[in-house]
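Novice: build me a model:
(one chain, ligands or ions: 2)
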Amino acid sequence: MAKKQWVNLPSEDSSTVKKATFVGDGVDSADVMGRKVYIEASFDKKDATTIATLEVKPDGGNAVYEPEESKLAHDKTATAKISDEGKAKWEVKLSAAGGDKFKFAVEHQGKKKDLPDEFETHRRLFYQVIDMTGVTGLSSFGFWETEFKKNKREISLVKIASKGAIDRSYNFDYKGSEYSRLFNLAKDKYNDAKDPYCFAVVWADCLAQGPTEKVVEKTGVSKASGSVAVPLGGGQLWKNIDKASTAAPWNKMIAFIYTKDGSEQTFPIPDPDVTSTYTEITVNTRNFPEGVTGKIKAKVNVATGFHGGWSFPTQNIIVIATRGWYDRAYADSKKKAILIHESGHKIGMVPDGTGGLKEQSTYDKVHDPSKNSHCNDNACTMWWTTTYEKDVFCSVCDKSVRKVDLYAPGLQGFKRFF
Ligand SMILES: [Zn+2]
Ligand SMILES: [Zn+2]
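Specialist: Numbers count the residues shown, from 1 in each chain. Ligands and ions are numbered 1, 2, ... in the order given. Model prediction:
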C-alpha cells in the first residue's frame, strides 16, 4: 500500500508556517508533508563507507513534465554512503503533481534490488466560505471537491468555517477602491487557522462595472409617434444594481427637445411615460406638446459589463456574483461554473509560463488581450467568459491542474488579502 505524501504541504517548519497546523482530515502526521522523502535500506556491515545509489521508479501513469518544467519533476537518483552499521538513507524529491506513484530500487556494486517503499502524491488546500447577508450562494461544494480531485489531480479541498457573513453590499465595481472595500468587509470574517494554505470564497450580489453616463437620442419624434423605442446601443441600464445608493440613478434626464418660434424648448417626459428594459428605453408620447417634431434625448447611467466573479492574483480571495443585470439571479449552474473558473485561476490556471509550468498550448491570446490566463477551448471552464457555464476543465487544462505546483508559501494568489 503506497504511502500518501502531501507534496504541497510544507516540508519544514518556518517562523510563520508550522507543519502541525495541517495534520488532520486524512493527513496522518507532520512526517508525510512536502516533496522530500527519505528512503532507507540495510547492507552488509562490510560495505560500510561505500556508496549506494537509489533509483526512483515512477509509475507509467505519472504526470509528464517537459524539460523546462524540471523543477516540478521528481529526482531520478540519489546517492548515499553506507554507515558503519550498514545503513543507507537517501533523500529524494517527489514530483509536485497529484496522483503520481513512485517505487524505488537500490544499486550497489553492480547489484540492483527493489525496495518495498511506495509513495503516492497528494495535494491539499483549504477554503472558507464568507456569505453575504441577503444573497444566496451554493449550499453544497461536493461538485467542486470532486472536480479538483478527479483524474489523479488529487487536490483535496478541505472546508473550514469562516467567522460569518458580511453585510449586504449591492455592487462592487471593477476597480481598486472597490477591491479595498470588499477586502475590508471580508477581513473581519476571515479565519486564518490554515494560512497560507487557505483562501476565501466570498458570495457577492452584483459585480457591475459603472455607472457610466451615456446620452442617447432619437430624432423625428412627435406626439403622433405614440410609443418610441430608444435603444441604448451598448451597455445596460444602471437599474437595480446599487440599491443602497441614490447617488447613481439610471434615469438622469429624459426629455423631448424641439424648436418653437426659433428657440429650443425642453419638455421633461413624465416618469409614468417612460419604461425600460435593460438595453432600451420606451417613451410614450401622449403628453408631448402638439404640432411639433423634435428628438428624445436621454441621459442615463449604464453598466458597461457584469462580471461573474474575480480571482485576485495576489490575494487569497475569490468573489462570485449571484446576480447579473436587473434582478436576474444566477442559476446554480452559473454559480458552479464561476466557482470552478475562479478557483482554477487561484491554483494557477491557465499556465502562462511564469509559474513553473510552461505556457499551456491552449493559452488564449485572442479573446483576452490583457492576458488574464484563459483557455481557448470554449468547452472548458477556463474559457474567458462563464457564459457557457462550463464547470469542468478541458483535457489540456486537466494536465496542468494535475502538474501545477501548489506549495502555497510560494504562490502569489495565496498571500493574505489584508
Ligand atoms: Zn477568468
Ligand atoms: Zn482548458
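Novice: make it CA atoms for all contacts and neighbour counts henceforth
Specialist: OK.
Novice: could you check how far residue 325 is from residue 205?
Specialist: For residue 325, the distance to residue 205 equals 11 Å [Cα to Cα, to the nearest Å].
Novice: which of those two has more neighbours?
Specialist: Neighbours around residue 325 and residue 205, counted as other Cα atoms under 10 Å, are more numerous at residue 205. The numbers are 26 against 20.
Novice: buried residues, the biggest strand by length in the chain. List them.
Specialist: What stands out as the longest strand in the chain, according to DSSP state E, is strand 111-130. Along strand 111-130, these residues count as buried under the neighbour rule (16 or more other Cα atoms under 10 Å): 117-130.
Novice: same thing with stretch 357-366?
Specialist: Along stretch 357-366, the positions that meet the burial threshold by neighbour count (16+ other Cα under 10 Å) are 357-358, 360, 362-364.
Novice: that stretch and ligand 2, are they touching?
Specialist: No - Stretch 357-366 stays out of contact with ligand 2 when judged by Cα under 5 Å from the ion, the minimum separation being 6.7 Å.
Novice: keeping just the C-alphas, turn that stretch into PDB.
Specialist: Listed next in PDB are the C-alpha coordinates belonging to stretch 357-366 (Å, rounded to 0.1, in the frame of the first residue of the first chain):
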ATOM      1  CA  LEU A 357       4.800  25.100 -15.900                       C
ATOM      2  CA  LYS A 358       5.400  26.200 -19.500                       C
ATOM      3  CA  GLU A 359       2.800  28.300 -21.300                       C
ATOM      4  CA  GLN A 360      -0.100  26.000 -22.000                       C
ATOM      5  CA  SER A 361      -0.700  25.100 -25.600                       C
ATOM      6  CA  THR A 362      -4.300  26.300 -25.400                       C
ATOM      7  CA  TYR A 363      -3.400  29.600 -23.700                       C
ATOM      8  CA  ASP A 364      -5.900  32.200 -25.100                       C
ATOM      9  CA  LYS A 365      -4.200  35.100 -26.800                       C
ATOM     10  CA  VAL A 366      -7.300  36.100 -28.900                       C
END
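Novice: spell out the secondary structure type for the residue in the stretch 101-250 of the chain that ligand 2 sits nearest to.
Specialist: When Cα to the ion is the measure, the stretch 101-250 of the chain has its nearest residue to ligand 2 at residue 147, with 13.3 Å between them. Residue 147 carries the three-state label helix when classified by DSSP: H, G, I helix; E, B strand; the rest coil.
Novice: so it touches residue 392, yeah?
Specialist: Yes - in terms of Cα atoms under 8 Å, residue 147 counts as a neighbour of residue 392; the distance is 6.8 Å.
Novice: ok, the residue of the stretch 201-350 of the chain found nearest ligand 2 - contacts?
Specialist: Using Cα to the ion, the closest approach of the stretch 201-350 of the chain to ligand 2 is made by residue 350 at 7.5 Å. Contact partners of residue 350, counting by Cα atoms under 8 Å, 6 or more residues apart in numbering, are 344, 360, 363, 373-375, 382, 397, 400.
Novice: would TSV of those with secondary structure and pLDDT be doable?
Specialist: What follows is those, written out as TSV (DSSP: H, G, I helix; E, B strand; the rest coil; pLDDT from 0 to 100):
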residue	secondary structure	pLDDT
344	helix	98
360	coil	97
363	strand	96
373	coil	94
374	coil	96
375	strand	96
382	coil	97
397	helix	98
400	helix	98
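Novice: hmm, which of those residues are the buried ones?
Specialist: When neighbours are counted using 16+ other Cα under 10 Å, the contacts of residue 350 contain these buried positions: 344, 360, 363, 373-375, 382, 397, 400.
Novice: shared neighbours of residue 325 and residue 205, anything?
Specialist: Common neighbours of residue 325 and residue 205 (Cα under 8 Å, 6+ apart) do not exist.
Novice: and for residue 353, the neighbour number?
Specialist: Based on other Cα under 10 Å, the number of other residues close to residue 353 is 13.
Novice: mind checking how far it is from residue 373?
Specialist: Distance check for residue 353 against residue 373: by Cα to Cα, it reads 10 Å.
Novice: enumerate every residue touching the most centrally placed residue in the chain.
Specialist: For the chain, residue 342 is the residue whose C-alpha lies nearest the centre (Cα atoms, centre = their mean; 2.0 Å). Listed by Cα under 8 Å, 6+ apart, the contact partners of residue 342 are 309-311, 318.
Novice: great, nothing more from me.
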